[in-house]
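*Asks:* What would the 3D arrangement of this be:
(2 chains)
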Amino acid sequence: MNGNNNNRRKRPPSTPAPHQPPPSKQQAATPNIEDEFLDEDVFLDETLLPEDEESLILRDIEQRQAFTSRLSKWARPPLSAAYVAQSQNIIFQQLDIDYVIGESHRELLPHSSGPAAIIRMFGVTREGRSVCCNVHGFEPYFYISCPPGMGPDDISRFHKILEGRMREANKNNRVPQFVRRIEMVQKRSIMYYQQQQSQPFLKIVVALPTVVASCRGILDRGIQIDGFGMKSFMTYESNVLFALRFMVDCNIVGGNWIEVPAGKYKKSAKIFSYCQLEFDCLYSELISYHPEGEYSKMAPFRILSFDIECAGRKGHFPEPTHDPVIQVANLVTLQGENQPFIRNVMTLKSCSPIVGVDVMSFDSEREVLLSWRDFIREVDPDIIIGYNICKFDLPYLIERAQTLGIAEFPMLGRIRNSRVRVKDTTFSSRQLGTRESKEVTVEGRVQFDLLQVMQRDYKLSSYSLNSVSAHFLSEQKEDVHHSIISDLQNGNAETRRRLAVYCLKDAYLPQRLLDKLMFIFNYVEMARVTGVPISFLLSRGQSIKVLSQLLRKAKQKDLVIPNVKHAGSEQGTYEGATVSLTHPYFQSEVLEARAGFYEKPIATLDFASLYPSIMMAYNLCYSTLVIPEDARKLNLPPECVNKTPSGEIFVKTNLQKGILPEILEELLAARKRAKADLKEAKDPFEKAVLDGRQLALKISANSVYGFTGATVGQLPCIEISSSVTSYGRQMIEHTKKLVEDKFTTLGGYEHNAEVIYGDTDSVMVQFGVPTVEEAMNLGREAADYISGTFIKPIKLEFEKVYYPYLLISKKRYAGLFWTNPKKFDKMDTKGIETVRRDNCLLVKNLVTECLHKILIDRDVPGAIQYVKNTISDLLMNRMDLSLLVITKGLTKTGDDYEVKAAHVELAERMRKRDAATAPNVGDRVPYVIIKAAKGAKAYERSEDPIYVLENNIPIDTQYYLDNQIAKPILRIFEPILKNASQELLQGSHTRSISIITPANSGIMKFAKKKLTCIGCKTLISDGTLCPHCKGREAELYCKTVSHVSELEELFGRLWTQCQECQGSLHQDVLCTSRDCPIFYRRKKAQKDMAEAMRQLDRWNF
Amino acid sequence: MGIDGEEALLQRKQSTYLSLDETFEIRKETYRGQQYSQIYFARLHLMRTLLYSLVPNWKPSLPVCTVLELEGGKECIIVGTLYKHMKLKPSILDEYSKERSATPLVKPHNFMHPDDHLVLEDESGRVKLSGTMLLPSAYVTGLVVALHGKETVAGDFLVLEILEAGLAPQIELPLKSREDKYVVLVSGLSIGSSTSNPLQFQLLVDHITGHLGDEKQQDTAAQIVHVVIAGNSVEIPHGLLNNLASKDQSSHSDPIQELDILLTQIAAGVPLDIMPGVNDPANFSLPQQALNRCLFPGSAAYNTFRSCTNPHCFELDNIRFLGTSGQNIDDLQKYSEAKDQLEFMERTLKWRHLAPTAPNTLGKN
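*Replies:* All right, here's what the predicted structure looks like:
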């Protein structure tokens, strides 16, 4: 309702400047607003307003006031008296930690001066007040090993020399003293087993975090010290990020609760942030709570989910330099609530009202952008979420504001007068590959891009918001193609409303995904377990998490971690357990798979957390590794060391307990506890927290192994990782041997057991017994028996039985999964084309159906018949086109691809045809393979499915049979059928082929269309039938009309479904989502309907 | 056969006939990609005007709002299209569902579920309806109603009272002459199905044409002034039409030929209307268009033979008849509940909508 009133709101080209104050009456009426004005406009270059526009300003102020009052109802609740009086302890959950360089705090740190690093913690109190805590006094430092014989005098001399060298290297720096002090401390390096407990180290405390790197450089290269000569130093812990250093030293973990007692904090003299509570304190006064009990809860932080729409030009993906931002939809939810408490949409030009949504319309794009900024500031979200916001929405808004010259726009963070910065980053990881991305720093607000999370956490065939929500929320989302968006925008208030509804839905889905998949709980718990800030979890690789834990543990033990220099990229990250090193020990431990269809129960024996267990059992760690020369020198007794199958030597726990095993023990113990608590927990939020925690603990435990194997990681140690894998391999083989030795007819069992397959951490055994229950009993017996032969905590567990089991090859199998003898749990498949993304739906459906028939119905002949029917349908052209669509992502333009690919070629061709609807880089390109001239390459035969539908182009069914269906089907059937290929792919069902004639391609373009008899296709001059067919009139009519009737039915089912998805009966369906399974069918039905109706009309003469 | 010559010749009674099918005929309408929203839009506007005119008598003091104008706690009246959210309603998307459930669902004949709820929609938006006044089980998607109620804190609309369009104004029946006349209504002849019995149909034809029974019965037969065949006259096995080679197909027009022969006998004596039904060779969605006359080379020669639309509306001696071949009622039965078929029919009158579920669910098997 109130949306309508805003249509005519005008904002002058620039907001009123301080030197041109509006009449005092207004100023007095709205002192707060004016205050803000002054502050935010500091950076503005002003343009003077003509006199006659003063009335306009007056109106603007009035309207701004209306807008501000609307915003203010969404502001956070005001501070209580106790907070205002500073008489209350401030307890808050911190969400983001960073630092700035500022002047040392005079009152808190009377003895220091000059620039210093100030840590800023942003968070929320239990009551929902926003907090900015400026922490003073924490200084950056690192270690070097102290040269033997260095005394206190030498140290102060060394200090002077180092300071001098630093001054030389940083001439322009105004820092009064680079190296604050050098202390001698007793520490020990984490690397290698050492007999002496500690050695002297020098702790070098410097002025600023940035100084660490240059200081390290000097020490690396070498420094001349009197009496010691030229000496270069190995540095320790010199590459630890400052914020992480602070967290480690203060025992703060990501997302935990912090208390600052009353009297220990001071209200900041100059307010830098928009937070309700901003104060200064010393780092030593912080109380950090372990996330347990009361402190495991979540504060009611504000989550903003937003989406923008841009009006792209025809044929181009929207670019911020050209295309305006036309709508921004926002939803704000309090953590813990299931409904957003703010829903609004800001539109360019009028927009009809929407139920339950505040519609705000503006006449200029500038107003849209600035209102959004005001909205962000007033609502003050702690977390900003959305879909692809980091790569698209946020950078777009900022770059757009730049193009429009709105300098005051990008102040979206919590720091006053601080602009949001955009920079290009590349994130590379073994797991995810290299991704180009943009990093937008919004100070004090955590960004959580659901697209990034999805790509990290799930393997999906498509990551479009549509298919992700279809997958997780079982909802199809309507998809408006960006070429339609401009048309809607250029329509009227109604069409823009249509767009706004769509935009709102796009803003809402990320929030729903966040809730459904409990990302907040899982990620906060992950941050708590690993101790890194939440923002690291998405922006950095795995290794920082392990490093954080290692640093914490090392600190407890007085160990220091060397900064190992390694060749190659500095940014190298690694991925968990899939390190693909060429060393033979890194190859996954897989026993030969005896392919076949097993119709007796197969028991599966699993090692629980195999790699962590091995590390614990054999005490594998940096600090327990004995290097070969030491092994000779130290002359360690053999009972005190383990020699691993890969030949490394590690001491046993009686000499030195390893750090990694200790970290792992704690993680696994904590997981056990979390799981036990989870069983007890009643409250759904508590449950969510605990479940998130146990998951985080599991992932963390498993990533320790990968950390040691990452050659370009923080602290690689191939000795550890190769030992782990070699032990793993040994254990699998040991298990196989024990099972096959013990469970034999000679040993008193009914059958000889047979190990048919062994994966990285599991062994599949066929005990030969016919029932699931017997197999389970034997499985349990075997697990207990074999576990007894291992060193604790390595444990073999019996978990499940597969019955029946189709083993195709290594890492490819399918079976029914039983955990109780009464009923199977599910059908479990691995490595089979049920989820692969580059196959067409036909393959997926065929494979799923076959497995279903084979495994669940136990109907092998039925499955064979089904395959034959499908192939026959395919060759006879009776296949629904949507089943044949293959989709591939277009990652770069045609020239950048070295090898010609079908989807790239097609994108090029489509661009030539119609640039407006052609796919752009980043889109997924759907295509089908069509019949073409002999010898045409596969990539030349790709075609747009819509084009195929519209022009009746024949499909190359043989291609689908040979290149899509054949392999997966043969894989499934080869273990079952003797001559599967002949039986399935060359039988009589493949003989009958029908090909539709192209309507307007090739020679048919030159053909003239003439009326033909519906019955026999003879040319006729008018009417419906030739004289010959007249007698069959009724029969032919029936045929035509029944065709129409079938299509009408299909059409009805399809289109009403789409109406349902879009959630409205009174509006047209606009969706063009090519990810939707019924999209092509819908299109086809529409086209066929029109054609069939035309045919039918011929009868009405 | 002939009528016994000794008796006085019985004269069949006559009546005046006026077809009102024009509203159901689709003429010169080509399909250009229209969607369903226009149907709902037109329906809403038509019914809303009607309902608005009733509101002053119903609740004179209450304001009338659109869905958008609802304010929490304020009592008002809203008019819009009902949408019934149904958990069990079959969806075409299920054919593509990711995981096939291990135990296939038994296809139910009724898709009702206790969790079903109603939503009211107008051009401005949707609101979920709550309260015990409005039972979801009795209503279906597509109806236009007026509701009295208020928005709750949860954002639902608490319904206090419902106003349906109500019975249309009654046309006065011109039953002045006390003369009896009969109209025969018959459906489901299903010629060509395994259960159809040619003898029974022949008996029916003979009865109508007065070739059967004693004088009294023939006298009654002479009072039949009109015959309406309301759908499902033939049954052509589904799917056969497309898959067989053309030479086999002639056998499938046999039922139609048989029908034509029988209809010719009727049409020769009595005016006859034939409506298409769900199994007949006609289009699928409502309104079904008249069966093509080329199907009936024999009977079409008589001017007493009329191929009509479904729904079919006509007047005989100024008495109006309106009927369907029953798809609308069958569909209501799938998506709502009532004590019997008659109650469903009664509801369509009270709702003043013959087939509210079209095109949403009506038109799906």
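
*Asks:* And for whichever residue of the stretch 101-250 of chain B sits closest to chain A, nearest residue in space, chain neighbours not counted?
*Replies:* At 3.2 Å from chain A, residue B:125 is the closest residue in the stretch 101-250 of chain B, using CB to the nearest CB. (Each C-beta comes from the backbone N, C-alpha and C, glycine too.) Residue nearest to residue B:125 in three dimensions, not counting chain neighbours: residue A:355, with 3.2 Å by CB to CB, 6 or more residues apart in numbering or on different chains.

*Asks:* for residue A:497, same thing?
*Replies:* Residue nearest to residue A:497 in three dimensions, not counting chain neighbours: residue A:352, with 3.9 Å by CB to CB, 6+ apart.

*Asks:* hang on, the earlier thing: do you know how far the residue of the stretch 101-250 of chain B closest to chain A is from residue A:305?
*Replies:* 20 Å (CB to CB, to the nearest Å).

*Asks:* neighbour-wise, which of these two wins?
*Replies:* Using other CB atoms under 10 Å in any protein chain shown, the more surrounded residue of residue B:125 and residue A:305 is residue A:305, with 29 against 23.

*Asks:* Now residue A:1062: closest residue in space that isn't a chain neighbour?
*Replies:* Per CB to CB, 6+ apart, closest to residue A:1062 is residue A:478, 4.8 Å.

*Asks:* Residue A:1068 is in contact with that neighbour, correct?
*Replies:* No. When contacts are counted by CB atoms under 8 Å, residue A:478 is not listed as touching residue A:1068 (10.9 Å).

*Asks:* Can you give me the distance of the closest residue to chain B within the stretch 151-300 of chain A to residue A:712?
*Replies:* Chain B sits closest to residue A:300 of the stretch 151-300 of chain A, with a gap of 19.5 Å, by CB to the nearest CB. Noted for residue A:300: a distance of 41 Å to residue A:712, by CB to CB.

*Asks:* The residue of the stretch 101-250 of chain B closest to chain A contacts residue A:354, correct?
*Replies:* Yes. Contact criterion CB under 8 Å: residue B:125 and residue A:354 qualify, at 6.2 Å.

*Asks:* who touches both of those two?
*Replies:* Common contacts of residue B:125 and residue A:354, defined by CB atoms under 8 Å, 6 or more residues apart in numbering or on different chains, comprise residue B:68.

*Asks:* Check residue 41 and give its pLDDT.
*Replies:* No chain specified, so I'll use chain A. With respect to pLDDT, residue A:41 scores 30.

*Asks:* Chain B was what I was after
*Replies:* 83.

*Asks:* How about it, nearest residue that isn't a chain neighbour?
*Replies:* With CB to CB, 6+ apart, the residue lying closest to residue B:41 is residue A:1066, at 5.2 Å.

*Asks:* Wasn't that neighbour part of a helix?
*Replies:* No. Under the criterion used here (DSSP: H, G, I helix; E, B strand; the rest coil), residue A:1066 is coil, not part of a helix.

*Asks:* Compute the number of surrounding residues for residue A:144.
*Replies:* Neighbour count for residue A:144, taken as other CB under 10 Å: 23.

*Asks:* State the three-state secondary structure for it.
*Replies:* Classification of residue A:144 using three-state DSSP returns strand.

*Asks:* So which bits of the stretch 901-1050 of chain A are right by chain B?
*Replies:* Applying CB under 8 Å from any CB of the partner chain, we find that the stretch 901-1050 of chain A lies next to chain B at A:1032-1035, A:1037-1039, A:1041-1046, A:1048-1049.

*Asks:* Which ones among those lie within helices?
*Replies:* Judged by DSSP state H, the subset of these located in helices is A:1033-1035, A:1037-1039, A:1041-1046, A:1048-1049.

*Asks:* Columns distance to residue A:601, pLDDT and neighbour count on top of these, output as JSON lines?
*Replies:* Below are those laid out as JSON lines (distance: CB to CB, whole Å; pLDDT from 0 to 100; neighbours: other CB atoms under 10 Å in any protein chain shown):
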{"residue": "A:1033", "distance to residue A:601": "64", "pLDDT": "75", "neighbour count": "19"}
{"residue": "A:1034", "distance to residue A:601": "61", "pLDDT": "75", "neighbour count": "21"}
{"residue": "A:1035", "distance to residue A:601": "57", "pLDDT": "75", "neighbour count": "22"}
{"residue": "A:1037", "distance to residue A:601": "60", "pLDDT": "79", "neighbour count": "23"}
{"residue": "A:1038", "distance to residue A:601": "55", "pLDDT": "79", "neighbour count": "25"}
{"residue": "A:1039", "distance to residue A:601": "53", "pLDDT": "78", "neighbour count": "20"}
{"residue": "A:1041", "distance to residue A:601": "55", "pLDDT": "80", "neighbour count": "25"}
{"residue": "A:1042", "distance to residue A:601": "50", "pLDDT": "79", "neighbour count": "22"}
{"residue": "A:1043", "distance to residue A:601": "51", "pLDDT": "79", "neighbour count": "17"}
{"residue": "A:1044", "distance to residue A:601": "54", "pLDDT": "80", "neighbour count": "23"}
{"residue": "A:1045", "distance to residue A:601": "51", "pLDDT": "80", "neighbour count": "23"}
{"residue": "A:1046", "distance to residue A:601": "46", "pLDDT": "80", "neighbour count": "18"}
{"residue": "A:1048", "distance to residue A:601": "51", "pLDDT": "80", "neighbour count": "22"}
{"residue": "A:1049", "distance to residue A:601": "46", "pLDDT": "81", "neighbour count": "17"}
